[in-house]
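Asks: sequence? don't have it. structure:
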Ligand SMILES: C[S@@+](CC[C@H](N)C(=O)[O-])C[C@H]1O[C@@H](n2cnc3c(N)ncnc32)[C@H](O)[C@@H]1O
């Protein structure tokens with residue numbers, strides 16, 4: 001798994017909203033490099049103290065860095081970040097040079113850089129994601145903790161497309177449900193479904209790295225009696241019937257297997273589709289309606305859309 005470092009040259013004034021934009025885009029850790037932090041008042045050899053005036057500060061401004069996984073969403077995510085930062089101008093916020101640069105970092109660099117900033121995050125009413133190395137005590141009795149070892153596959157739990165799925169699962173899941181998670185990545189959604197009461201979960205991914213990662217995380221969260229992980233292309237050769245299917249995959253991939261989802265889902269079963277950039281919303285909606293789904297709810301976060309639909313076949 002590769003990671004990219006996105007570096008944004010901005011101003012003091014824009015640091016906070018830029019950091020929020022990066023967090024909302026799924027960046028797990030944000031590093032702020034402010035030259036002002038490095039320069040302090042100084043004393044000459046005669047003990048005279050010189051105070052810096054704003055004119056003495058470097059003109060290049062503040063650098064905000066964040067880490068994002070290199071995956072099929074990266075291009076759209078970066079475009080969304082740029083658009084959102086430009087949107088700050090509407091509020092008269094000085095965004096400075098707003099120079100955005102991206103570079104790839106290797107897994108080791110990433111692991112050390114990111115571990116420092118990946119903290120427990122509450123992503124829905126009941127689910128909190130926490131990295132394996134963080135101590136975290138639940139704040140409420142009904143809070144479910146998902147421990148994740150990130151850095152191997154997509155699915156840190158913080159990407160808006162994942163957050164929308166977890167919220168949708170939380171709304172729709174009922175005890176004893178049989179769930180299929182298409183494109184499981186780190187297994188985060190399967191683990192969430194198991195912790196929220198599913199009786200049986202089938203986690204599928206085409207990518208070998210994701211399958212290995214999901215197996216590790218499923219064990220880590222002690223849900224291996226409920227969740228089985230398999231390498232599989234979408235719903236090919238899946239014969240069992242499901243009460244709920246969740247798929248956080250790109251819109252064009254969802255469109256390809258809506259028909260299979262209608263066959264695998266029980267009548268009245270729930271299909272949660274996410275990973276849809278807003279421009280592709282209609283395309284997915286049309287495919288769902290064409291294959292007999294009834295759209296119950298549309299969830300949106302940033303530029304991302306998720307549908308909760310019911311199998312009307
Ligand atoms: C955006 S990630 C979602 C990961 C995780 N479910 C989440 O919500 O954070 C999409 C996942 O779909 C998998 N995928 C892509 N095409 C697939 C296919 N044809 N069949 C199965 N999995 C696929 C990718 O390997 C990736 O792990």
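Replies: Cool, got the structure. None of the values given here were measured: they were computed from a predicted structure. Numbering: from 1, shown residues only.
Asks: got the contact list for residue 194?
Replies: Residue 194 makes contacts with 201, 221, 223, 226, 227, as judged by Cβ atoms under 8 Å, 6 or more residues apart in numbering. No exception for glycine: its C-beta is placed from N, CA and C like everyone else's.
Asks: In TSV, list those residues along with secondary structure and pLDDT.
Replies: Output for the contacts of residue 194, formatted as TSV (DSSP: H, G, I helix; E, B strand; the rest coil; pLDDT from 0 to 100):
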residue	secondary structure	pLDDT
201	strand	98
221	coil	96
223	coil	98
226	coil	98
227	strand	98
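Asks: can you pick the most crowded of those residues?
Replies: Ranked by neighbour count (other Cβ atoms under 10 Å), the contacts of residue 194 have residue 201 at the top, with 27 neighbours.
Asks: Is it correct that that residue is in contact with residue 187?
Replies: No: distance between residue 201 and residue 187: 9.2 Å, which falls outside the contact criterion (Cβ atoms under 8 Å).
Asks: Which residues are in contact with each of these two?
Replies: Common neighbours of residue 201 and residue 187 (criterion: Cβ under 8 Å, 6+ apart): 181, 227.
Asks: where does the stretch 201-313 of the chain come near the ligand, residue by residue?
Replies: By the rule Cβ under 6 Å from any ligand atom, the part of the stretch 201-313 of the chain lying against the ligand is 204, 205, 206, 207, 210, 233, 234, 248, 249, 253, 275.
Asks: try 8 Å
Replies: 204-207, 210, 232-234, 246-250, 253, 256-257, 274-275 (Cβ under 8 Å from any ligand atom).
Asks: Those residues, buried ones only, as a PyMOL selection?
Replies: To isolate the buried members of these in PyMOL, using 16 or more other Cβ atoms under 10 Å:
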select buried, resi 204+205+207+210+232+234+246+247+248+249+250+253+257+274+275
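Asks: from the residues of the stretch 201-313 of the chain next to the ligand, which ones fall inside strands?
Replies: 204, 205, 246, 247, 248, 274, 275 (DSSP state E).
Asks: do you know how far the second one is from residue 69?
Replies: So the one you mean is residue 205. Distance of residue 205 to residue 69, computed by Cβ to Cβ, to the nearest Å: 14 Å.
Asks: just the helices in the stretch 51-200 of the chain please.
Replies: Per DSSP state H, counting those that start in this stretch, the stretch 51-200 of the chain carries helices over the ranges 74-86, 107-115, 160-172, 188-195.
Asks: nearest to the ligand, of these?
Replies: Closest approach to the ligand among the helices of the stretch 51-200 of the chain (Cβ to the nearest ligand atom): helix 160-172, 3.6 Å.
Asks: tally of neighbours for the nearest residue to residue 9 once chain neighbours are set aside?
Replies: Among residues not flanking residue 9 along the chain, residue 99 sits closest, at 4.1 Å (Cβ to Cβ, 6 or more residues apart in numbering). Residues lying near residue 99 (other Cβ under 10 Å) number 12.
Asks: pLDDT weak spots in the stretch 51-200 of the chain?
Replies: Across the stretch 51-200 of the chain, the ranges flagged by pLDDT under 70 are 51-60, 107-118, 150-156.
Asks: how about a cut-off of 50?
Replies: 52, 54, 56-58, 152 (pLDDT under 50).
Asks: mind giving me the domain ranges of the protein?
Replies: Listed by automatic domain parsing, the domain ranges of the chain are 3-115, 121-311.
Asks: Out of those, which is the most enclosed?
Replies: Mean neighbours per residue, mean count of other Cβ atoms under 10 Å, is largest over these for domain 121-311, with a mean of 20.
Asks: Determine how far that domain lies from the middle of the whole chain.
Replies: Distance of domain 121-311 from the chain centroid (Cα atoms, centre = their mean, to the nearest Å) equals 12 Å.
Asks: so how far is the first residue of that domain from its last?
Replies: Taking Cα to Cα, to the nearest Å as the measure, domain 121-311 stretches 32 Å from start to finish.
Asks: Minimum pLDDT in the ones in strands among the residues of the stretch 201-313 of the chain next to the ligand, which residue is that?
Replies: Lowest pLDDT of these: residue 275, 91.
Asks: Now do the contacts for that residue.
Replies: 73, 161, 183, 247, 248, 249, 250, 251, 253, 254, 304, 306.
Asks: can you check residue 205 too?
Replies: Taking Cβ under 8 Å, 6+ apart, we find residue 205 in contact with 153, 183, 184, 185, 211, 214, 229, 231, 232.
Asks: What separation is there between the residue nearest the centre of the chain and residue 238?
Replies: Centroid-nearest residue in the chain, with Cα atoms, centre = their mean: residue 159, separated by 1.3 Å. For residue 159, the distance to residue 238 equals 25 Å [Cβ to Cβ].
Asks: same deal with residue 139?
Replies: 38 Å.
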